[in-house]
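Trainee: Sequence plus the predicted model coming up.
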Amino acid sequence: MSLSSEHTPQWLQEASPEEMHHVIETLYRVHGLVAALTDMNVLLERISEESRLLACAEGASVMLYDEEKDELWFRVVLGESGDREILKREVRLKMGQGIAGAAAVDGKTIHVPDVDADPRFFRDADTASSFHTRTILATPMFDRGKLVGVLELVNKIGGGPFSLLDQHVIEMFSALVASTVVSARMIENEIRTERLAAIGHAIAGLTHHIKNILTGLTSSAEVIDMALQNNDTESIRKSWPILGRSVKRISNFVQDLLFVAKPAQPALRACHVHQVVTEACEAMGDLFQRKNISLQIHADDDLPPVFADQDALLRCLMNLVGNAMDAVPEGCGRIDITMKRHVEDSVEIMVADNGPGVPRDVRDQIFDIFFSTKGGRGTGLGLACSAKIAREHKGKLLLLDGDDGACFQLVLPAVHRAS
């Protein structure tokens, strides 16, 4: 039964109830896709496919407008035949060129039932893709009066022209696609801006940290050089540890960068955590003495070994201990390292200190790369590196709640569980 009213458009009067039901179902699916999908390429492909199926077309495409070059280019090309990828790579239309270019300039839908009879048809696209176009329905996509691109359907299946219903449905879809593209571009621009700001902040922090290390390294080298000229062994003896610490800081810094930047496949083997903790603390022994920091190590007697990459675990623990050393006050600082069994056949290592603790408003950010509460003294790499190592070992690194200093909990699978 057809609609009949002087206020009802002709195309709507001619649509059958089955066709209208199909249109409504398709629109419902498309709006669901817009709400559920966040990848613009996937979303455009799905909307184009829904348009193609609804209008019974052999192919569909989305051409986006390049404002800088004033031309249209293929972002999505769908169809069963022809070389679709070559259209994306090589074919671009100037404004007014081809049916799509004409629709973009005119700002309205163009339906060409027979492209061979229309001089505007751009035959190079068919030549490049080895496709035979017979019929085109092209509608421009606008958002707030600004051209976004052109949505095209080609070749009605079974022959013949596209219907008025096809035309009005594709016009509804074109508005939806335009809105999707604009929204996605806004999000991409925001992400790009935030990423550039984050990179700039990170480079500034890393540069400052490297400069501080090099200052200490250069000063020590100059003192040693002068002492060598004057045969001053006492100055050499005093400056050499400072030079060594600067070299170690550079080494640690580079190691953290590599651990954070590169995906790693840990060389897993049975490790005794007490041995690795002892090695980490011994490697930082001069700092404990220089800052007069008290260190207490507690371990269960029956502690099982863990399945770990010993070098990576050492790096992780050195970062946690170093982080605690930076936090505690000189002269009365205290660091407690506790190793014990954890639930589910795991081992936990807790590193606690009597420093000021981590402010509650930044606790969710402390494992983010380049985030630091130390100002120019920190790189924002240490905790990010340790958290990454924990994840690669199928473990976890947590900041435990507490009011007295900070306490980090590293949980690793025991050997019999991991194996």
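Mentor: That came through fine.
Trainee: Domains in the protein, by residue range?
Mentor: Domain segmentation of the chain under automatic domain parsing yields 10-189, 200-258, 269-418.
Trainee: what's the average pLDDT for the last one?
Mentor: For domain 269-418, mean pLDDT rounds to 84.
Trainee: For the domains of the chain, please prepare TSV with the additional fields mean neighbour count.
Mentor: No exception for glycine: its C-beta is placed from N, CA and C like everyone else's. Below are the domains of the chain laid out as TSV (neighbours: other Cβ atoms under 10 Å):
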stretch	mean neighbour count
domain 10-189	17
domain 200-258	14
domain 269-418	18
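Trainee: show me where the protein has strands.
Mentor: Using DSSP state E, the strands of the chain run over 57-66, 71-79, 92-94, 110-112, 136-143, 146-156, 269-271, 294-299, 306-308, 334-342, 346-353, 396-399, 407-413.
Trainee: Any chance you could give me the last one in CSV, C-alpha atoms only?
Mentor: Listed in CSV are the C-alpha atoms of strand 407-413, where the atom choice follows Å, rounded to 0.1, in the frame of the first residue of the first chain:
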residue,chain,number,x,y,z
CYS,A,407,55.1,1.4,49.3
PHE,A,408,55.4,-0.3,45.9
GLN,A,409,54.4,-4.0,45.5
LEU,A,410,56.0,-6.1,42.8
VAL,A,411,54.2,-9.4,42.3
LEU,A,412,55.9,-12.1,40.1
PRO,A,413,54.8,-15.7,39.4
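Trainee: which helices and strands sit right next to it?
Mentor: Counting contacts by 3 or more Cβ pairs under 8 Å, 6 or more residues apart in numbering; DSSP states H and E, the secondary-structure elements packed against strand 407-413 are strand 306-308, helix 310-327, strand 346-353, helix 382-392, strand 396-399.
Trainee: just checking, residue 154 touches residue 55?
Mentor: No - no contact is recorded between residue 154 and residue 55 when judged using Cβ atoms under 8 Å, the distance being 10.1 Å.
Trainee: what residues are shared contacts of these two?
Mentor: Overlap of the contact sets of residue 154 and residue 55 (by Cβ atoms under 8 Å, 6 or more residues apart in numbering) consists of residue 137.
Trainee: I'd like to know how far the nearest residue to residue 350 once chain neighbours are set aside sits from residue 393.
Mentor: On the basis of Cβ to Cβ, 6 or more residues apart in numbering, the spatially nearest residue to residue 350 that is not a chain neighbour turns out to be residue 338, at 4.5 Å. For residue 338, the distance to residue 393 (Cβ to Cβ, to the nearest Å) stands at 19 Å.
Trainee: before we move on, what about residue 67?
Mentor: Using Cβ to Cβ, which is the criterion applied here, residue 67 is 49 Å from residue 393.
Trainee: Ok, residue 41 next?
Mentor: 35 Å.
Trainee: Could you do residue 53 as well?
Mentor: Look at residue 53 and residue 393: by Cβ to Cβ, they are 48 Å apart.
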